[in-house]
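S.K.: curious how this folds, go ahead:
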Amino acid sequence: MPSVRPHMTTNMADLNLVSLKFAILKILASVRHQHKYNLLGKSNAQGDLERQLGISFEPEQRHMADAAFQELETADLIRPTYDDLISPGLWVAITDAGRSALERGVLDSLDEALQKISPALVELRAGAWAAVVSGRPDSLRQASHSARELIDQTLKTGAPDGAVLAMPGFSADTSSRTGVTRRHRLRYLMAVYHGDVSDSQLRVIEEACDLVLAVDDRLKAIAHSRDAPVASEVKDSLNAAEIALRRLLVPGDAV
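M.R.: As a prediction, this is how the structure comes out:
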């Protein structure tokens, strides 16, 4: 399956952590190492990241770029070289894991699992978080809708009707037009990604299934409410959805 290569934007309104992370990785992949502030820039001094994107950061965008840098370091996609005597922690290089992430177009284990189902799901996940931080009118409602779509499309694409109907012991639910419910799809994905599991593992996954359903219902309510969504609630819902999907799609991954 071909990798997803994020589009490099020159529109500051479209900047998000994902696009900034890939831009940073792309720069570091082309050099032996780079000083953090030569990369991110500071004050009125433009950095390589701004030059690559063709823009000049405002304070909020530079702060977001710094957050992207820190998250890449935490994920061990970039790493300090510790070679410089004056600033040992500020000179960084891309790691093998970072090169692999850049090549495959995925930043973490959940992105990798989603991409195997459909590359569009990786873009949908990134779009949900981009909407949260964009500051555009109605962006939080868009984020709620994108998060709900991420759950819906993951379940429907990863567990299509035909595959679910063919499951041993399948029993149709009369409340659904096709006989297939979201819980059926969750159980199918559990079987695909977890196979034989212990009782304790099964209990954790079942609770994650319940969380997926609860978050999905909550995001539907937020997306269609006349009241403006609360930013913290949208972020919490997105985080909860990702935790549940990671439990479901990435066996053994730490949350």
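
S.K.: break this protein into its domains for me.
M.R.: Recorded structural domains for the chain (assignment: automatic domain parsing) are 12-106, 114-249.

S.K.: could I get the ones you listed as JSON lines with mean pLDDT?
M.R.: Written out in JSON lines, the entries for the domains of the chain read as follows (pLDDT from 0 to 100):
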{"stretch": "domain 12-106", "mean pLDDT": "91"}
{"stretch": "domain 114-249", "mean pLDDT": "84"}
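
S.K.: any chance of those domains in TSV, plus mean neighbour count?
M.R.: Backbone N, C-alpha and C define where each C-beta goes, glycine included. Written out in TSV, the entries for these read as follows (neighbours: other Cβ atoms under 10 Å):
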stretch	mean neighbour count
domain 12-106	16
domain 114-249	17
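
S.K.: roughly how far apart are residue 233 and residue 218?
M.R.: Separation of residue 233 from residue 218 (Cβ to Cβ, to the nearest Å) stands at 8 Å.

S.K.: anything in contact with each of the two?
M.R.: Common neighbours of residue 233 and residue 218 are not found (criterion: Cβ atoms under 8 Å, 6 or more residues apart in numbering).

S.K.: three-state assignment of the residue located most distally from the centre of the chain?
M.R.: What lies farthest from the middle of the chain is residue 85; by Cα atoms, centre = their mean that is 36.2 Å. Reducing the assignment to helix, strand or coil with DSSP: H, G, I helix; E, B strand; the rest coil, the entry for residue 85 is coil.

S.K.: what are the phi and psi values at it?
M.R.: Backbone torsions for residue 85, taken as degrees, to the nearest 10, come to phi -70, psi -30.

S.K.: repeat for residue 45
M.R.: Reported as degrees, to the nearest 10, the phi and psi values for residue 45 are phi -90, psi 120.

S.K.: begin at 131 from here
M.R.: I'll keep to 131 as the first residue from here, and by that count the last item is residue 175.

S.K.: which residues in the stretch 181-330 of the chain form helices?
M.R.: In order along the chain, the stretch 181-330 of the chain carries the following helices (DSSP state H, counting those that start in this stretch): 189-204, 226-234, 239-247, 249-264, 269-288, 291-295, 312-324, 329-354.

S.K.: just put those helices in TSV and tack on distance to residue 163.
M.R.: What follows is the helices of the stretch 181-330 of the chain, written out as TSV (distance: least, Cβ to Cβ, whole Å):
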stretch	distance to residue 163
helix 189-204	13
helix 226-234	12
helix 239-247	26
helix 249-264	27
helix 269-288	36
helix 291-295	47
helix 312-324	38
helix 329-354	40
